[in-house]
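Student: here is a sequence together with a model predicted from it:
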Amino acid sequence: MIFKSVPHPSPTPPARVKALVAAPKFGSVFTDHMVVIRWNEEQGWHDAQVCARGPFSLDPACAVFHYAQEVFEGMKAYRCDDGRIALFRPFENARRFALSAQRLAMPQLDPAMFVAAVEMLVRADVAWVPDGKGSLYLRPFMFASEAFLGMRAAREYIFCVIASPAGAYFGSERDTISLWVSKEYSRAAKGGTGAAKCGGNYAGTLLALRQAAAEGCDQAIFLDAAEQKWVEELGGMNVFFVMRDGSMITPPLGAILAGVTRDAIISLARDGGMSVEERRYSFEQWCCDAEDGHLTEVFACGTAAVIAGVGKVRFCGGGFTIGSGRSGAVTAALTSRLEAIQRGREPDRLGWFHEVTSQ
Ligand SMILES: Cc1ncc(COP(=O)(O)O)c(C=O)c1O
């Protein structure tokens with residue numbers, strides 16, 4: 001597909017871009033451009049363009065407003081020390097996007113077209129990619145744009161990619177985060193949309209997140225919906241448990257999002273000789289293992305924050321500390337290994353480094 005390039009009428013002056021990119025708060029500043037591709041039943045995917053970022057004009061009867069047919073992705077472009085700009089495993093996001101779309105009865109975008117769209121935006125807004133520890137957060141998304149009321153899949157969709165320069169997700173001075181165990185609210189049920197990256201999943205976790213904040217915690221972590229027993233994931237991150245013998249446990253795929261970071265960590269840990277079990281781990285066992293010191297580290301992971309050590313856990317009626325409450329050695333080692341690959345500082349033996357521009 002050919003992307004039409006629509007010139008920006010008044011791009012941000014370079015000095016202003018530099019200032020905006022210097023220390024951005026996550027998700028608060030957006031770049032000049034966006035990519036848009038439309039879909040309808042007659043033409044399929046068509047009218048691909050890179051244009052000035054701006055509002056959509058939508059009919060109030062648009063299906064997305066009523067039936068929440070919307071899916072999205074989150075990925076990052078990194079500026080390497082030698083000036084190259086790279087994505088991390090973008091085809092994994094593309095494939096997951098297609099699966100999310102399928103689950104929500106939406107048309108699937110070919111992974112190659114998805115990656116080409118993301119690359120187009122990175123090239124258009126290359127000046128917005130921060131250096132140092134920052135990165136350009138990319139948000140591909142798709143929504144039902146057909147105006148109608150009624151219970152059926154829409155017949156028109158808009159795919160779009162926007163970008164936002166990003167610094168540290170939890171603030172650079174943070175060593176660990178704290179978790180609130182949500183026992184009142186579930187994130188996903190068997191047969192539901194837990195494994196899809198759709199907006200509705202996130203709307204459903206916001207009340208738990210608000211509760212977490214009221215309890216002085218950074219994030220909420222969810223248990224399975226059927227028994228409220230098995231640990232699943234955070235509202236926007238997967239979770240790993242590190243045991244004293246150096247082995248790790250992470251909840252199995254099914255109702256959780258198949259994180260690209262999660263998958264990378266499993267590979268890196270196994271590559272380094274660690275045993276990683278993808279299996280169910282109960283909240284009760286978590287409490288016991290933390291109490292008797294069998295559990296030494298816990299970390300959450302995802303594209304936005306990469307890896308965040310967990311220091312404290314709270315729940316209705318109690319709480320506990322993981323190890324010393326500080327980020328541990330396994331968390332640090334995996335973080336530095338992953339970041340080295342993402343930023344092209346380590347040879348890319350696994351084919352995860354996807355160069356977009358050479359400077
Ligand atoms: C619910 C949920 N779990 C896990 C993740 C981590 O996924 P990834 O590592 O692909 O960013 C995310 C972020 O996308 C998420 O929203």
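Tutor: Arrived safely.
Student: when you work out contacts or count neighbours from here on, use the C-alpha atoms and nothing else.
Tutor: Fine.
Student: quick check: residues of the stretch 101-250 of the chain near the ligand?
Tutor: The stretch 101-250 of the chain comes close to the ligand at residues 235-238, as judged by C-alpha under 6 Å from any ligand atom.
Student: run through the residues that contact Ile37.
Tutor: Ile37 is in contact with 45-49, 158-160, counting by C-alpha atoms under 8 Å, 6 or more residues apart in numbering.
Student: now the buried members of those residues.
Tutor: Neighbour counting over the contacts of Ile37 (16 or more other C-alpha atoms under 10 Å) leaves 45, 48-49, 158-160 as the buried ones.
Student: could those residues go into a markdown table alongside pLDDT?
Tutor: Listed next are these as a markdown table, based on pLDDT from 0 to 100:
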| residue | pLDDT |
| --- | --- |
| Trp45 | 98 |
| Ala48 | 98 |
| Gln49 | 98 |
| Ile158 | 98 |
| Phe159 | 98 |
| Cys160 | 98 |
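Student: quick one: the helices in the stretch 1-150 of the chain?
Tutor: 14-22, 63-67, 90-103, 111-124 (DSSP state H, counting those that start in this stretch).
Student: output the third one as CSV, nothing but the C-alphas.
Tutor: Presented in CSV, the C-alpha positions along helix 90-103 are these (Å, rounded to 0.1, in the frame of the first residue of the first chain):
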residue,chain,number,x,y,z
PRO,A,90,7.3,-4.7,16.0
PHE,A,91,5.9,-7.7,14.2
GLU,A,92,4.9,-9.1,17.7
ASN,A,93,2.8,-6.1,18.2
ALA,A,94,1.4,-6.4,14.7
ARG,A,95,0.4,-10.0,15.2
ARG,A,96,-1.2,-9.2,18.6
PHE,A,97,-3.1,-6.3,17.0
ALA,A,98,-4.5,-8.7,14.4
LEU,A,99,-5.6,-11.1,17.1
SER,A,100,-7.2,-8.4,19.2
ALA,A,101,-9.0,-7.2,16.1
GLN,A,102,-10.2,-10.7,15.4
ARG,A,103,-11.5,-11.1,18.9
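Student: so how far is that helix off the chain centroid?
Tutor: 12 Å (C-alpha atoms, centre = their mean, to the nearest Å).
Student: which neighbouring elements make contact with that helix?
Tutor: Packing contacts for helix 90-103, counted by 3 or more C-alpha pairs under 8 Å, 6 or more residues apart in numbering; DSSP states H and E, involve strand 70-72, helix 111-124.
Student: I'd like those as JSON lines, with mean pLDDT, mean neighbour count and distance to Ser178 appended.
Tutor: Listed next are those as JSON lines, based on pLDDT from 0 to 100; neighbours: other C-alpha atoms under 10 Å; distance: least, C-alpha to C-alpha, whole Å:
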{"stretch": "strand 70-72", "mean pLDDT": "98", "mean neighbour count": "24", "distance to Ser178": "26"}
{"stretch": "helix 111-124", "mean pLDDT": "98", "mean neighbour count": "20", "distance to Ser178": "33"}
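Student: show me the residues of the stretch 101-250 of the chain next to the ligand that map onto strands.
Tutor: If you go by DSSP state E, these have Asn238 in strands.
Student: closest to Phe315 among the residues of the stretch 101-250 of the chain next to the ligand?
Tutor: Lowest distance from Phe315 to these (C-alpha to C-alpha) belongs to Gly235, with 15.6 Å.
Student: wait, what's in contact with Asp125?
Tutor: Asp125 neighbours (C-alpha under 8 Å, 6+ apart): 31-33.
Student: go again with 10 Å.
Tutor: 11, 17, 31-34, 119, 136, 163-164 (C-alpha atoms under 10 Å, 6 or more residues apart in numbering).
Student: show me which of the residues you listed is closest to the ligand.
Tutor: Leu136 (13.7 Å; C-alpha to the nearest ligand atom).
Student: I'm done for today, thanks for sticking with me.
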